[in-house]
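Colleague: please find the sequence and the predicted model below.
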Amino acid sequence: MGKGFSHKIHWAWILLGVSFITLFMNYSIRIGAYSILLPKMIGDLHINLTQAGMIRGSYFMAYIICSPFMGYLSDRIGPRWVISFFSLVLGVGTYLMGKASTLSMAILFHAIVGIGSSAMWTPVVGMIQKWFGMKRRGLALGILSPSYALGYGLMGIILPFIVSIHDWRMGWTLLGLSCIALVLLNSFLLRNDPEEMGLSPWGEASPEREFPSPPSSLRYHEIFREKAFWVIGFSYLLISFGAYILTDLIVSYGVMELKLPYALSSRFITILALTGIVGGIFWMGLSDYLGRKRSLLILHSSLALSILLILFAGREILWLQILIGLFGFFYSPVWPMYGACARDYFPKEVVGSVIGLLTFFYGIGAILGPIIAGRLTDVSGTFQWSFALAAFSCAIASLSISFLRGRKWED
């Protein structure tokens, strides 16, 4: 079946489609639900922005603890069942978020969401890169990138409508139930690698083209010895710190500081997502030729500049929306590009483990960003210092990635 069907459409594209839906649901919850529902949760749960940062921090704490394990598990038993099982965990945690009545409950339930979400990125990206040849990975990940942009972008339209009819709890509940349906989709259609279907990665001339690479028994301590791992990881930490400050707080910034209507502020996420779709496809495809390092240098510097411009725009709504769109254009491709970096600088047998380990850096930045920014905002009474800190972090991320050197292993 695998060989016959591949004459019509390579199974890599089936996996890409399923992965698209999976990441769509994951990021609807991960960015869309939290950012958009946060202003309503703050009032109903009687919490401040620092405490809201603690809820977010619980998600990323669980996320970074589990992500290295997900990469290891994916390398050992394959991503198919890892993704399928943790789709259920993600759905249950999201459903429970709609039942939270205290800060401690919200922290616990959002941590469960983080556990489930940890299997929605590392195994997916590792799997996709096994199914596409080297010169097609950027294209594949670029096609995949609109999934998460569409996910949180549509939430900017859908969730305010749900809140207007019901409340913020119903938003979490419906997303949780929808996510549970992913279990069947992933278990039936995902496959671990092309070899088990008798196929070669799409876009690769032949299976014999592969060059020798280190054995699959490469250990964590050997990965840790690679300078590229630490350079990529440190840059990943800084960009997640800065970028998540803006994405997590942009709706609250509009409602609480600019005093804009909730529905209008929620659309900031939609604008960010729509331009992110274009940016993801454009930059990931270009990075196959420009190189990941040079692309990340441009992206990080542009993110820093766009955050500063958003800050200076104030209540100029048209300019504010344009600049948020500019941020989205450079924001969306950053995350899949780090996944592509892992495959470019490390052998294919340990891609899942490397991405999982790098996610530890990403999670640290994502934990600290909202908490520090929330505290800074609570103390100063304005979001301006938090956004300035976000821009500074993105600029330093650009500087740090400049120390990345050439590949050690051939494809």
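Modeller: Ah, there it is. Numbering: from 1, shown residues only.
Colleague: the protein: strands as residue ranges?
Modeller: In the chain, no strands are defined using DSSP state E.
Colleague: low pLDDT regions in it?
Modeller: In the predicted model of the chain, residues 1-7, 133-138, 142, 145, 197-198, 200-222, 343, 347-352, 406-411 satisfy pLDDT under 70.
Colleague: how near is the residue nearest the centre of it to residue 232?
Modeller: Nearest to the geometric centre of the chain sits residue 335, at 5.8 Å (C-alpha atoms, centre = their mean). Distance check for residue 335 against residue 232: by C-beta to C-beta, to the nearest Å, it reads 13 Å. Backbone N, C-alpha and C define where each C-beta goes, glycine included.
Colleague: and if you look at residue 253?
Modeller: 30 Å.
Colleague: compare the two (neighbour count), which wins?
Modeller: Remark: of residue 253 and residue 232, residue 232 carries more neighbours, 27 against 24, as counted by other C-beta atoms under 10 Å.
Colleague: enumerate every residue touching that one.
Modeller: 338, 341, 342, 345, 358, 401, 404 (C-beta atoms under 8 Å, 6 or more residues apart in numbering).
Colleague: for the nearest residue to the second one once chain neighbours are set aside, give its distance to residue 398.
Modeller: This points to residue 341. Distances taken as C-beta to C-beta, 6 or more residues apart in numbering put residue 292 closest to residue 341, at 4.8 Å, once the chain neighbours are dropped. Distance, residue 292 to residue 398, by C-beta to C-beta: 13 Å.
Colleague: and what of residue 163?
Modeller: Residue 163 is 37 Å from residue 398, where distance means C-beta to C-beta.
Colleague: name the residues that touch stretch 391-409?
Modeller: 213-214, 226-228, 231-232, 234-236, 238-239, 241-243, 245, 293, 296-297, 300-301, 303-305, 307-308, 311, 341, 344-347, 365, 369.
Colleague: which residues belonging to it are considered buried?
Modeller: Residues 391, 392, 393, 394, 395, 396, 397, 398, 400, 401, 404 are the ones in stretch 391-409 that count as buried (16 or more other C-beta atoms under 10 Å).
Colleague: and stretch 155-167, by the same measure?
Modeller: Neighbour-count burial for stretch 155-167 [16+ other C-beta under 10 Å]: 155, 156, 158, 159, 160, 162, 163.
Colleague: check contacts around the fifth one.
Modeller: Contacts were defined as C-beta under 8 Å, 6+ apart; by that measure residue 160 touches 36, 262, 263, 266.
Colleague: now do the contacts for the last one.
Modeller: Meaning residue 266. 36, 156, 157, 159, 160, 251.
Colleague: please apply the same query to the third one.
Modeller: Under the criterion of C-beta under 8 Å, 6+ apart, the contact partners of residue 263 comprise 160, 164.
Colleague: that one and residue 80: what is the separation?
Modeller: Using C-beta to C-beta, we find residue 263 at a distance of 40 Å from residue 80.
Colleague: ok, now the last one?
Modeller: Taking C-beta to C-beta as the criterion, residue 266 is separated from residue 80 by 35 Å.
Colleague: related to what we said a few turns ago, burial check on the residue nearest to residue 341, number of neighbours?
Modeller: Residues near residue 292, counting by other C-beta under 10 Å: 23.
Colleague: that one against residue 337, yeah?
Modeller: Yes: taking C-beta atoms under 8 Å as the definition, residue 292 is a contact partner of residue 337 at 5.7 Å.
Colleague: from residue 143, how far off is residue 293?
Modeller: From residue 293 across to residue 143, the span is 22 Å (C-beta to C-beta).
Colleague: over to residue 149?
Modeller: Taking C-beta to C-beta, one finds residue 149 at 12 Å from residue 143.
Colleague: which one's more surrounded, those two?
Modeller: Set residue 149 next to residue 143 and count neighbours by other C-beta under 10 Å: residue 149 wins out with 29 against 21.
Colleague: share the number of residues neighbouring residue 43, please.
Modeller: Neighbours of residue 43 (other C-beta under 10 Å): 9.
Colleague: kindly report the same for residue 281.
Modeller: Neighbour count of residue 281, defined by other C-beta under 10 Å: 20.
Colleague: I'd say it and residue 149 touch.
Modeller: No: Residue 281 is beyond contact range of residue 149, at 9.8 Å (criterion: C-beta under 8 Å).
Colleague: can you give me every residue that contacts residue 156?
Modeller: Residues near residue 156 by C-beta under 8 Å, 6+ apart: 32, 36, 266, 267, 268, 269, 270, 271, 273.
Colleague: from residue 50, how far out is it?
Modeller: Using C-beta to C-beta, we find residue 156 at a distance of 25 Å from residue 50.
Colleague: can you check residue 375 too?
Modeller: 5 Å.
Colleague: kindly reformat the contacts of residue 156 as TSV containing distance to residue 98.
Modeller: Below are the contacts of residue 156 laid out as TSV (distance: C-beta to C-beta, whole Å):
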residue	distance to residue 98
32	15
36	14
266	18
267	23
268	23
269	19
270	22
271	26
273	23
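Colleague: perfect, I'm done here.
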